[in-house]
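> Quick one, fold the following:
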Amino acid sequence: MEGRAENPLRLKSVNHISLVCRSVEKSLDFYQNVLGFFSIRRPGSFDFDGAWLYNYGMGIHLLQSEDPDNMPKLSLQINPKDNHISFQCESMATVEKKLKEMKIEYVQSRVEEAGICVDQLFFHDPDGSMIEICNCDNLPVIPLGGGGGDTTLCSRINCNVQQQQQVQQAAGQIKQQQVTCLPSIPINEEYLPCA
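Next up is the predicted model:
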């Protein structure tokens, strides 16, 4: 199909990201106590210091720098346009409150598109890697190009039903419109349309 990416490598999902750290201990504390990751077993055959963490369907592998004094200097400026890892959250207000309690400096941003607002908070980990927390699932995923069909938001339950229908459609059993499934969000004051 035009405009649709093939899967030549037969990829399934993101497995992990690796981050080189000045101090694995400080980074481990940050990713566990700020972002909620938990430690998992790391192969004992590695001959270098590090730690593995997991949550939210992905891993983070922390690698101790061989020369922490010569790592790039930490930037005090929080730039939302810098490379970053982004996590979706349940409540932006809760995240902001927790960051304030932990005395973590952050920058707020808002993206508005077709009456939909996405709120973002950006901050650094101990080594200066940028972290974004957002409610990006407010924004529908709309493929570019001539894929055709309607794009519909759906809840996780409806998504599973519609995915099953798509499998049946592919087998020639039923017709079903194309859908892009995103997790549904609770409607509350945080997710009101942009004014």
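> which residues are contacting the lengthiest strand in the chain?
Among the elements of the chain assigned as strand by DSSP state E, the one spanning the most residues is strand 116-124. Contact partners of strand 116-124, identified using CB atoms under 8 Å, 6 or more residues apart in numbering, comprise 74-75, 78-80, 84, 92, 95-96, 99, 104-112, 130-136, 138-140, 190-194. C-beta coordinates here come from the backbone N, C-alpha and C atoms, glycine included.
> Just checking: what are the partner strands of the helix or strand that that strand is followed by?
Following strand 116-124 in sequence order, the next helix or strand is strand 130-134 (DSSP states H and E). Using DSSP bridges, the strands paired with strand 130-134 in its sheet are strand 84-88 (parallel), strand 116-124 (antiparallel).
> Restrict the last one to CA atoms and write it as PDB.
Extracted as PDB, the C-alpha positions of strand 116-124 are listed here (Å, rounded to 0.1, in the frame of the first residue of the first chain):
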ATOM      1  CA  ILE A 116      -7.300  18.800  20.700                       C
ATOM      2  CA  CYS A 117      -4.700  19.700  23.400                       C
ATOM      3  CA  VAL A 118      -1.700  17.700  24.300                       C
ATOM      4  CA  ASP A 119       0.100  18.800  27.500                       C
ATOM      5  CA  GLN A 120       3.700  18.000  28.000                       C
ATOM      6  CA  LEU A 121       6.300  18.300  30.800                       C
ATOM      7  CA  PHE A 122      10.000  18.000  30.100                       C
ATOM      8  CA  PHE A 123      12.800  17.400  32.500                       C
ATOM      9  CA  HIS A 124      16.300  15.800  32.700                       C
END
